[in-house]
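A.B. asks: structure for the following, please:
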Amino acid sequence: MTDHSNCLEQLAIILPSLDPDYKFDKVVEGLVQAGFRHVVIVDDGSDAAHQEHFEKAAQYPCCRVIHHGVNKGKGRALKTAFRYVLDELPEAAGVITIDGDGQHLLEDIIACGEKMLTLERTVVLGCRDFDAPGVPPRSVSGNKTTNRMFKLFFGITISDTQTGLRAVPRELLEAFCAMEGERFEYETNMLLMMQRQGIPFVEQPIATVYDPDDYSSHYNAIKDSWRIFKIMAKARFGKK
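C.D. replies: So this is what the prediction gives:
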């Protein structure tokens, strides 16, 4: 049996969520059963009908649920969690950000965390294969477009620019807390800042998981893509 104790004990899971459903419950249960010592959940302004999921999660001793009174965006939720880790979890060597919709398998989460612990000042990106069968067309189109733009404008080769599975060492969290971006564009800013500051990253292949009969996302294909493109244009051409 493989020993994952270093990852489970030294890294904090970061799980932002808005109006979660049963998939969120399964994700939290899986993390708890695996033995993660710290699971930091941010309720990003979910309505009253969805609070039962956070109440259930809060019953686990390893889980800390932080509530935003109103929806502030994924970027702000991530920064809220990063700040909590910096202020309240001095023993954490870093974090692993994940999504609560079941797209990230437990073995992939652990693999990203373990790889990060073997490296120095390096971010590990869990990268999906968008040529795999069953991937929603809007995900294929959106990701491949931003991948090409990163390569064309910045010379950065990343196979999954929009991945929510990222393992980040503690020493980088302060800088990521101060970074611009409140919503989905925040994750794009993170990649651009890494390039500007010479922060290395490595890719960890992960399973591409989508349920074609029950696919949902708070990512708005038009609004959030536009935010991302504006961020990239500003970084490349100095325009707002």
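
A.B. asks: rounded mean pLDDT for stretch 4-21, please.
C.D. replies: For stretch 4-21, mean pLDDT rounds to 97.

A.B. asks: which SS class is I66?
C.D. replies: Under DSSP: H, G, I helix; E, B strand; the rest coil, I66 falls in the strand class.

A.B. asks: for it, what are its contacts?
C.D. replies: Neighbour list for I66: V40, I41, V42, D43, T80, A81, Y84 [criterion: CB atoms under 8 Å, 6 or more residues apart in numbering]. To be clear about C-beta, it is placed using only N, CA and C from the backbone, and glycine gets the same treatment.

A.B. asks: okay, the residue positioned nearest the centre of the chain: pLDDT?
C.D. replies: Geometric centre of the chain, nearest residue: G164, 3.1 Å, by CA atoms, centre = their mean. At G164, the predicted lDDT confidence score is 94.

A.B. asks: and what of H218?
C.D. replies: Predicted confidence (pLDDT) for H218: 53.

A.B. asks: pull out the buried residues from stretch 162-180.
C.D. replies: Of the residues in stretch 162-180, those buried by neighbour count under the rule 16 or more other CB atoms under 10 Å are Q162, T163, G164, L165, R166, A167, V168, P169, R170, L172, L173, F176.

A.B. asks: distance of the last one from E29?
C.D. replies: When distances are taken as CB to CB, to the nearest Å, F176 and E29 turn out to be 28 Å apart.

A.B. asks: now do the third one
C.D. replies: Computed with CB to CB, the distance linking G164 and E29 is 19 Å.

A.B. asks: and the fourth one, by the same measure?
C.D. replies: In this structure, L165 lies at 18 Å from E29, with CB to CB as the measure.

A.B. asks: which residues in the chain form helices?
C.D. replies: 5-10, 22-34, 51-58, 74-88, 106-117, 137-149, 173-177, 185-196, 223-237 (DSSP state H).

A.B. asks: what lies in contact with the shortest one?
C.D. replies: To tie it back to what came earlier, the one meant is helix 173-177. L78, K79, F82, R83, V85, L86, G94, V95, V168, M190, M193, Q197.
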